[in-house]
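Sequence and predicted model, in that order:
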Amino acid sequence: MTLKYYVIYSDTILLTVKKCLPMSKNIELWVNRKDFRSTQIVTTDIPAPASGELVVAIDKFGLTANNVSYAVSGDMIGYWGYFPATDDWGKVCVWGCANVIESNCDGIAIGERLWGFYPMASHVLLTPGNIRTDQFTDVTSYRQTLPELYNFYRRTDFEPDAVRQFENERCLLVPLFTTSFVIYDYLLYNDLFSADQIVIGSVSSKTGLGLAKMLRNDPNISAKIVGITSNGNNEFVEQLACCDQVITYGNEEELDKSLPSAYIDMSGNTGLTKRLHTLLGDNMVESAMVGATHWDKGGKQETLSLIHI
């Protein structure tokens, strides 16, 4: 049997990767944890659920730069542990939708639609617990020591049509906007670290734009919002009007170096981070790395806070 995929694009943004079903085997994409450019397709039997377990067929997931961050921080935060592989291989996690095709779990029926955290695969085994009408928690033993956020699965059949109709957007944007909110809340909780300037690296990213927009819309925030982006994205960010100043890479000298500043690095570009630390000196009151999409430009992050969703 040949596995076929179709891909939906909107401009340059990959919306979903969706496979044609049915299939008789479980097909997974494994990534070498020591060399992300090395991958392999692994085919196994579709798992059979034991008592209390169920099997889902994954038919849609979002694929963004955020998934690169899951790989880069897989050991640090634990992303490799949600769906373990063998030896030096790992399964990069994605946010997607799936249908229950087998169930030995009371309260979860065959045919239910689920949104949540999955491997890049055609099928996966889940162990529901804490079952509610709208969601459940995966209680697989090895997942209990990992960040709990990723163990929740939404039962979308019980959600209003106004939510269910936006599956593509949900797979792509909800996890990233959640990260935007977490950073926004982190800054508020710490009184912006007494910063008069919030600098957002890779501000054209979805997470960066979400953060900039929330900061801009908050009437209690008077700090200057500065976005750093590429020449190609400069006009796009300017048009969104969510930053007080937009600076392109290589022109960091345009920053107001007299202001106490909090820097949020959306891409893990440590070269840029070092330049900003040098420019701002003691006026760099906070420096937090959120993403790691520029993994090939990264390095050790001992002096930085780390935030990730």
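Noted; the coordinates are in hand. Numbering: from 1, shown residues only.

And stretch 161-170, end to end?
13 Å (Cα to Cα, to the nearest Å).

do the same with stretch 116-134
12 Å.

Over to stretch 208-227?
8 Å.

mind listing what's buried in it?
Residues 208-215, 221, 223-227 are the ones in stretch 208-227 that count as buried (16 or more other Cβ atoms under 10 Å). (Each C-beta comes from the backbone N, C-alpha and C, glycine too.)

go on, stretch 107-120?
Buried residues in stretch 107-120 (16+ other Cβ under 10 Å): 108, 112-120.

what does stretch 184-193 give?
Quick answer for stretch 184-193 (16+ other Cβ under 10 Å): 184, 186-187, 192-193.

Confirm that Glu235 sits in a helix.
Yes - checked against DSSP: H, G, I helix; E, B strand; the rest coil, Glu235 lies within a helix.

Let the chain start at 37 from now.
OK, 37 is where the count begins now, so the last one is Glu271.

Around it, how many other residues sit close by?
10 (other Cβ atoms under 10 Å).

Let me see the contact set for it.
Going by Cβ atoms under 8 Å, 6 or more residues apart in numbering, Glu271 touches no other residue.

Kindly report the same for Val235.
Taking Cβ under 8 Å, 6+ apart, one finds 262-264, 291, 297-300, 312 in contact with Val235.

Of the residues you listed, which is the most crowded?
Of these, with other Cβ under 10 Å as the count, Ile264 tops at 31 neighbours.

Against Ala248, how distant is that residue?
The span separating Ile264 from Ala248 equals 11 Å under the rule Cβ to Cβ, to the nearest Å.

how about the nearest residue to the residue nearest the centre of the chain, chain neighbours excluded?
The residue lying closest to the centre of the chain (Cα atoms, centre = their mean) is Asn102, at 4.2 Å. In space, Asn102 comes closest to Leu212 once its chain neighbours are excluded; the distance is 5.9 Å by Cβ to Cβ, 6 or more residues apart in numbering.

Next one, pLDDT for Thr306 please.
We have a pLDDT of 82 for Thr306.

sorry, back to before: now intersect the contacts of Val235 with the strands, please.
Under the assignment DSSP state E, these contribute 262-264, 297-300 to strands.

quick one: which of those residues is nearest Ile234?
Nearest to Ile234 out of those is Ala298 (Cβ to Cβ; 5.3 Å).

which residues does that closest one contact?
Ala298 neighbours (Cβ under 8 Å, 6+ apart): 223, 228-229, 231, 233-235, 321-324.

coming back round to it: and the two most separated of the buried residues of stretch 220-229?
Farthest pair in the buried residues of stretch 220-229, by Cβ to Cβ: Tyr220 and Phe229, 13.4 Å.

Would it be right to say that Phe172 lies in a helix?
No - counting by three-state DSSP, Phe172 falls outside a helix, being strand.

is it true that it touches Thr163?
No - assessed by Cβ atoms under 8 Å, Phe172 is found out of contact with Thr163, at 9.4 Å.

Between those two, tell me which one has more neighbours.
Between Phe172 and Thr163, counted using other Cβ under 10 Å, the more crowded position is Phe172 (24 against 19).

tell me, how many neighbours does the closest residue to that one other than its chain neighbours end up with?
Nearest in space to Phe172, with sequence neighbours left out and distances taken as Cβ to Cβ, 6+ apart, is Pro164 at 4.1 Å. Burial measure for Pro164: 23 neighbouring residues, criterion other Cβ under 10 Å.

so who does Pro164 touch?
So Pro164 contacts 88, 90, 141, 143-144, 172-175, 189 (Cβ under 8 Å, 6+ apart).

Which helix in this protein has the most residues?
The single longest helix within the chain, with elements called by DSSP state H, is helix 203-225.

Report the buried residues of stretch 300-319.
300-306, 308-309, 311-313, 316, 319.

Hmm, I typed the wrong one, I wanted stretch 270-282.
270, 273, 278-279, 282.

cool, and stretch 185-195?
For stretch 185-195, a neighbour-count test (16+ other Cβ under 10 Å) marks 186-187, 189-192 as buried.

Which strand residues bridge Tyr299?
Bridge pairing for Tyr299 (DSSP bridges) gives the partners Val235, Ser323.

Next, the spatially closest residue to Ile63 that is not a sequence neighbour: phi, psi?
Spatial nearest neighbour of Ile63, excluding adjacent residues (Cβ to Cβ, 6+ apart): Ser158 at 4.6 Å. Torsion angles at Ser158 (phi, psi; degrees, to the nearest 10) stand at phi -90, psi -30.

Noted, bye for now.
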